[in-house]
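# sequence below, structure please.
(2 chains)
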Number of protein chains: 2
Amino acid sequence: MRTLAKDIRPAAERSGDTVEVYGWVHRIRELGGIVFIVLRDRSGLVQLVLEEKPDLTLESVIRVSGIPAVNPKAPGGAEIRVLEYECISRASGDLPYQVNGDVSKTGLETILDHRPLSLRNPKIRAVFAVQSAIIEAFSGYLRDHDFTEIKTSKLIGGGTEGGTGLFTVDYFGRKVYLAQSPQFYKQTMVAAGFERVFEVAPAYRAEKHDTPRHLNEYVSMDVEMGFIESEKDLIELEKGLLAYIFDALNRKNSVDLALWDAPPLDPGSVSRAPTVPYDEALRIAASRGGPGGQAPEKMFDLNPEAERLLCDWAQDEYGIGLVFVNEFPRRSRPFYTYPLDEGRTMSFDALFRGLEITTGGRRQENYQAILEVLPKFGLTSEGLEDYLAIFKYGCPPHGGFAIGCERLTQKILGLASVKEASLFPRDRKRTAP
Amino acid sequence: MRTLAKDIRPAAERSGDTVEVYGWVHRIRELGGIVFIVLRDRSGLVQLVLEEKPDLTLESVIRVSGIPAVNPKAPGGAEIRVLEYECISRASGDLPYQVNGDVSKTGLETILDHRPLSLRNPKIRAVFAVQSAIIEAFSGYLRDHDFTEIKTSKLIGGGTEGGTGLFTVDYFGRKVYLAQSPQFYKQTMVAAGFERVFEVAPAYRAEKHDTPRHLNEYVSMDVEMGFIESEKDLIELEKGLLAYIFDALNRKNSVDLALWDAPPLDPGSVSRAPTVPYDEALRIAASRGGPGGQAPEKMFDLNPEAERLLCDWAQDEYGIGLVFVNEFPRRSRPFYTYPLDEGRTMSFDALFRGLEITTGGRRQENYQAILEVLPKFGLTSEGLEDYLAIFKYGCPPHGGFAIGCERLTQKILGLASVKEASLFPRDRKRTAP
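Next up is the predicted model:
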């Protein structure tokens, strides 16, 4: 019967009976005639001790049986004195990439070019253990709050948000688009009486950016909720979600967080995160910009530098690098955003540790109001019939937001690029592996 | 404070204090000078009693306050005597589709054409409550068994399974494809040391079928697992999964199942489901085909009729309409399938209530063996470099399967077409809404 690496220490303490382990040869080292192998399995690392040098290559998959023994100096506090081993799958000796090396000394392009191998590195693997836990906590929290998980089409017939920034698909000779967001479908579900829905699914942006903050395909964690009064209800929901995610990670992924020296996640501090109206946010950013800071009236939108300055400010003032900016001006939000007054909207962004991780807001649910606003955005109801039908037949006040899963993962771990938080990232140049 | 429809009966029994409800006007009926409105919210239906006819249209969203009272004849066993109401969002009076009608009397195309409205029907809504619960149970069971959730790219550079049946995407002027399956990525993750992974995500088939069993975009519930011996380990895993899903649905979705008169789901019977080798499956199907049955030697593959006959046989013999067919011939499985002997493979299908819901099998993990088998399938290693790299550097014996989420939903509820189990289905003709 197989024992996992993480259970060798308890096994050694319990009985010292022979154990069987399976895994990958992570490291081989000789010291004074004794050979130490570090074996890697899904649960972690364990040291094997052999008296003779085995005929094994790094990354080969092996089965080993031996006697477990406590050794405080070994990883996990125990080791196995090998009685016999078998090579199940021999790795070729020409590894093009050093799997067990120091990630920080390897360039990102190399890591991504060798993704099937680089994912074997425990530190890189930790990124995706954390990501899996984020998705689990996101879904679990929302289910506990009566949200229904939905799966909507990613192939859309019309460009409801305009054709720019969309990838086109040849669909049996017709042109359709990859969805930028499930937003209109989420709204449909709220209006259909589900009231509260969420979706975790790919989203696509055909933008030519190639920066540490952009992906052309990303995992969007979407929420939509009926019977809200303003974007403030959504901000409260997102605070609850983030606190729950942080708590789950602290409980289950402390080892993964430690591998990255991730800054502490304090669930209790999330409720303290400030909400700042857009105009004030510009002023705060400008005031913290020092001599190089732009005057607020010259900043049309929150640029990446302003996002960073605002999070630093929140960290200093409130003890958490999380800010909600609301009341964005009408001109910088889509037509469906609910107005607060002539110039401002019931919209918000969440900025976390210097990066926008969320955009959201209340949507206009009044059919006549939508028809009236369309011309101001250079749009007509043509092509929007399916969208308009949502509001024609009874729709509650509602709104929602989306959290970029890779961006949240990146900022929780402190990764330099969002691409590091995508298993198989797609950017302008990269479509493989 | 809002009370949900499902909580009106308890509220009436507890105190009879005034309650406030929000929802949609599902039905209006006058009887002897009294007006009855059925209000629909995310939790169900509740009857409102008014003394005067209100100025309301069907499907309008309203807020109501009134006195709850027990009434065994009303839906949910209680009603609300209305003190005041407010129309929050008035529905246009020209509903193009009868939301509160009998679903079975409406054609599928009408239901799908009016998706934003047809989803308001409680019976149609139940389909997606069940689907959400299926995804929750699938993910929960696998997490409990140490599987990591992954999110892989749906844009693939090369056609690893050949370019036929793939939709093409214009990716910054280059041609890429929508993934038919995350299988190669799942295998990458197993080999990378995650050992056990799952993914719930869209998958694409550019096939021109337009049948009650096909979708061009569907939700694939994928599993991949290392350190297995044969497909039989995977069949055991799928049995555990299905029993868990059935149990979860019985516990949480009994009302939804009842709306469709769904056949009983007996979690205890799943372990009894037979596993039948392909050759024997053909013989059983032929023997049950009656006068019109094909001779087994004339059946090249399990056709839909044979799938139905086999499930009927399992229902009769084992008390559950679930059969696992294994040992498919080499010629009917892809190159990467692990051989059992010269002619047969370690592969399987799961057939449930007359329909294939799963295809899976052990994969070949031996690098040399893959290189040798490629020419037999008319393939070369060119374009497969990334795939081959998985096996070159140490890969455990492994395999996996995928459950079609819409097909499972369809068969659990007894829906006539798989399209009914897709929120926004895509077929050859349909790309909207």
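# flag every residue of the stretch 201-350 of chain A that's near chain B.
A:201-202, A:206, A:208, A:217, A:219, A:226-227 (C-beta under 8 Å from any C-beta of the partner chain). Backbone N, C-alpha and C define where each C-beta goes, glycine included.
# could you check how many residues crowd around the residue lying closest to residue A:335 once chain neighbours are set aside?
Distances taken as C-beta to C-beta, 6 or more residues apart in numbering or on different chains put residue A:377 closest to residue A:335, at 4.1 Å, once the chain neighbours are dropped. Per other C-beta atoms under 10 Å in any protein chain shown, the neighbour tally for residue A:377 reads 13.
# need the phi and psi values for residue A:377.
With angles defined as degrees, to the nearest 10, residue A:377 sits at phi -110, psi 10.
# per-residue pLDDT of it, please?
Per-residue pLDDT puts residue A:377 at 90.
# one more: residue A:331?
For residue A:331, the model assigns a pLDDT of 89.
# check contacts around residue A:220.
A:181-182, A:199-203, A:402-405 (C-beta atoms under 8 Å, 6 or more residues apart in numbering or on different chains).
# and those residues, which is closest to residue B:382?
The closest of the contacts of residue A:220 to residue B:382 turns out to be residue A:202 (C-beta to C-beta; 28.1 Å).
# which helices and strands does whichever strand or helix holds that closest one pack with?
Assigning secondary structure by DSSP states H and E places residue A:202 in strand A:196-204. Judged by 3 or more C-beta pairs under 8 Å, 6 or more residues apart in numbering or on different chains; DSSP states H and E, strand A:196-204 is in contact with helix A:122-144, strand A:148-149, helix A:183-189, strand A:217-226, strand B:196-204.
# that strand - which strands sit beside it in the sheet, and in what orientation?
Strand pairing for strand A:196-204, using DSSP bridges, gives strand A:148-149 (parallel), strand A:217-226 (antiparallel).
# buried stuff in stretch A:115-134?
Of all the residues in stretch A:115-134, those buried under the rule 16 or more other C-beta atoms under 10 Å in any protein chain shown are A:115-122, A:124-134.
# pull it out as CSV, backbone CA atoms only.
C-alpha atoms of stretch A:115-134 as CSV (Å, rounded to 0.1, in the frame of the first residue of the first chain):
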residue,chain,number,x,y,z
ARG,A,115,5.9,24.5,-19.0
PRO,A,116,5.5,20.7,-18.8
LEU,A,117,8.8,20.6,-17.0
SER,A,118,8.7,23.8,-15.0
LEU,A,119,5.4,22.9,-13.5
ARG,A,120,7.3,20.1,-11.7
ASN,A,121,9.1,22.6,-9.6
PRO,A,122,7.5,22.7,-6.1
LYS,A,123,7.5,26.5,-6.0
ILE,A,124,5.8,26.8,-9.4
ARG,A,125,3.4,24.0,-8.5
ALA,A,126,2.5,26.0,-5.3
VAL,A,127,1.1,28.8,-7.6
PHE,A,128,-1.5,26.4,-8.9
ALA,A,129,-2.3,24.8,-5.6
VAL,A,130,-3.2,28.3,-4.4
GLN,A,131,-5.2,29.0,-7.6
SER,A,132,-7.2,25.8,-7.1
ALA,A,133,-7.9,26.8,-3.5
ILE,A,134,-8.9,30.3,-4.6
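# just the helices from chain A, written as ranges.
Counting by DSSP state H, chain A has helices at residues A:8-14, A:108-113, A:115-118, A:122-144, A:183-189, A:231-252, A:254-259, A:278-287, A:304-318, A:367-373, A:385-392, A:405-413.
# what sits up against the third one?
Contacts to helix A:115-118, defined as C-beta under 8 Å, 6+ apart, come from residues A:59, A:95-97, A:99, A:106, A:110-112, A:124, A:423-424, A:433, B:188, B:191-192, B:386, B:389-390, B:393.
# same check on stretch A:99-107?
Here stretch A:99-107 has contacts from A:26-27, A:38, A:58-59, A:97-98, A:111, A:117-118, A:120-121, A:123-124, using C-beta under 8 Å, 6+ apart.
# output that stretch as CSV, nothing but the C-alphas.
What follows is stretch A:99-107, C-alpha atoms only, in CSV (Å, rounded to 0.1, in the frame of the first residue of the first chain):
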residue,chain,number,x,y,z
VAL,A,99,13.4,21.3,-12.7
ASN,A,100,14.7,21.4,-9.1
GLY,A,101,16.5,24.7,-9.5
ASP,A,102,15.9,28.2,-8.1
VAL,A,103,12.9,29.6,-10.0
SER,A,104,13.9,33.2,-9.3
LYS,A,105,17.1,32.7,-11.4
THR,A,106,15.2,31.5,-14.5
GLY,A,107,13.7,33.9,-17.0
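# buried sites along it?
If you call a residue buried by 16+ other C-beta under 10 Å, then stretch A:99-107 has these buried ones: A:99-100, A:103, A:106.
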